[in-house]
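K.L.:
Sharing a model prediction with you, sequence too.
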Amino acid sequence: MAYTPNFQDPRVRARCSRACAFVSAVMSSTESRSWSTRYIDRYLGSQRNSLSKWLRSQLLICTRSTWIQGHRCKEYRLNAQGLLWLRSQIGLDQDDLEQEQHAIVGQEHSRELSSGQFQYHEQSDRLWHPLQRYRRELRTRILEDEGYRHHYDIESAAITLCLQYSQQQDPPMDLWLESLEQLRSQKDLVRQRLAEDVGCDIKTAKLIITALFGGAHIAARPDGSIYQYLGYDRGRLELLRASKWIQQFRSDLQILWQSMRSEFPVRTIKTRQGYERRLPVRPSDKWRLYFRLERLVMASIREYLDRRSVRYFLIHDGWASDQEIDRSDLEQWVYADTGYRIRIDYKRS
């Protein structure tokens with residue numbers, strides 16, 4: 001007999017409320033992400049429990065069921081319809097949902113938010129924290145409530161750092177790569193024009209550019225990230241492929257990565273004739289190189305902030321702080337410390 005929750009039971013309602021708050025805080029209904037079973041268990045409960053198992057089926061859509069222990073987790077996205085239905089059954093309105101979300105954050109991270117001493121864990125040369133998984137708008141509100149009202153990020157970080165690194169190679173990459181320079185100086189305009197050409201929103205245009213930078217393919221494959229971003233629309237995929245700017249961008253990226261080829265692991269394959277051929281660089285290797293450069297620069301920024309007793313929370317190539325920073329002074333500090341010239345964007349909430 002199929003399990004049916006008793007929504008009149010206060011304990012069931014409380015667990016459902018917590019589960020709704022968690023999935024709506026960290027998951028997207030359009031974009032899949034990897035999630036460990038242990039992390040989901042903390043908020044939905046062990047799968048051995050009937051209610052926990054039911055909550056998973058109601059609130060989550062598993063988009064990749066394969067996993068490799070210690071290396072790759074299953075992927076999920078939010079079941080938006082299931083979430084709305086469950087909220088209607090337990091009477092969880094928006095105010096109550098946000099209150100529950102803030103309660104989860106308070107239980108998990110109140111001391112860190114108060115002190116500014118966040119406990120990050122390192123993975124693939126990046127520093128990670130559970131708060132980074134929260135949706136941007138919710139995370140921003142949470143940080144603002146604790147005084148972190150100043151938001152910074154390195155402008156076009158991946159392009160900026162990888163270009164400069166390629167120019168440090170022997171021999172240096174000394175070509176003017178037009179599309180990459182446009183992204184550095186006019187990224188908003190580039191994204192807007194690409195969105196207009198392809199028929200998507202600016203957020204999708206940004207995701208496409210980021211995916212191509214890391215080596216994604218423009219192909220009508222169900223598991224292809226770009227095809228997913230375009231809603232599996234073949235027409236828009238063809239418009240993207242035909243874009244003159246995209247063609248230039250892909251050509252410039254090929255030059256960029258080729259100039260740093262000595263930095264990547266060598267992988268080979270033998271042909272049927274017995275010849276050894278070098279395989280293309282994997283997207284993961286490209287991102288790992290960028291993350292290493294990002295980590296170098298962010299370590300310099302952290303030292304600058306620590307010396308000035310600034311409370312801050314890192315968000316990969318950016319951060320939120322409780323004090324306004326002299327950006328020009330920080331940019332000069334980073335250059336003197338690392339040799340990389342960066343521009344820092346600032347927003348106050």
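P.N.:
Thanks, I have the structure now.
K.L.:
mind showing which ranges of the stretch 1-150 of the chain have poor pLDDT?
P.N.:
For the stretch 1-150 of the chain, applying pLDDT under 70 flags the ranges 1, 68-71.
K.L.:
change it to 80
P.N.:
1, 66-72, 124 (pLDDT under 80).
K.L.:
Which stretches in it count as helices?
P.N.:
Here the stretch 1-150 of the chain has its helices, by DSSP state H, counting those that start in this stretch, at 10-26, 37-44, 50-59, 80-90, 94-115, 136-145.
K.L.:
Let me know which of the ones you listed is the nearest to S328.
P.N.:
Nearest to S328, of all the helices of the stretch 1-150 of the chain, is helix 136-145, at 24.2 Å by CB to CB. Any C-beta I mention is one placed from the backbone N, CA and C, and that applies to glycine too.
K.L.:
ok, Q94 to A25 distance?
P.N.:
13 Å (CB to CB, to the nearest Å).
K.L.:
The two: which has the busier surroundings?
P.N.:
Higher neighbour count among Q94 and A25: A25, with 21 against 9, using other CB atoms under 10 Å.
K.L.:
That one reaches Q99, doesn't it?
P.N.:
No. If you go by CB atoms under 8 Å, A25 and Q99 don't touch, sitting 12.0 Å apart.
K.L.:
TSV please, covering the helices of the stretch 1-150 of the chain and showing distance to K74.
P.N.:
Listed next are those as TSV, based on distance: least, CB to CB, whole Å:
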stretch	distance to K74
helix 10-26	15
helix 37-44	7
helix 50-59	11
helix 80-90	17
helix 94-115	22
helix 136-145	24
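K.L.:
so which of those comes closest to W128?
P.N.:
Among the helices of the stretch 1-150 of the chain, the nearest to W128 by CB to CB is helix 37-44 (11.7 Å).
K.L.:
So which elements touch the closest one?
P.N.:
helix 10-26, helix 50-59 (3 or more CB pairs under 8 Å, 6 or more residues apart in numbering; DSSP states H and E).
K.L.:
what's next to it, contact-wise?
P.N.:
If you take CB atoms under 8 Å, 6 or more residues apart in numbering as the criterion, helix 37-44 is touched by 18-19, 22-23, 47, 52, 55-56, 59-60, 73-74, 76, 104.
K.L.:
go with 10 Å
P.N.:
Residues from elsewhere that reach helix 37-44 (CB atoms under 10 Å, 6 or more residues apart in numbering): 15-16, 18-23, 25-27, 36, 46-49, 51-56, 58-60, 67, 73-74, 76, 104, 108, 130, 133.
K.L.:
roughly how far is it from the heart of the chain?
P.N.:
Centroid separation for helix 37-44 versus its chain: 20 Å, with CA atoms, centre = their mean, to the nearest Å.
K.L.:
can you check stretch 143-163 too?
P.N.:
With CA atoms, centre = their mean, you get 13 Å for stretch 143-163.
K.L.:
Go through that stretch and flag the buried ones.
P.N.:
Neighbour counts using 16 or more other CB atoms under 10 Å place 143, 146, 148-163 of stretch 143-163 among the buried residues.
K.L.:
And A80, how close does it get to V198?
P.N.:
In terms of CB to CB, A80 sits 24 Å off from V198.
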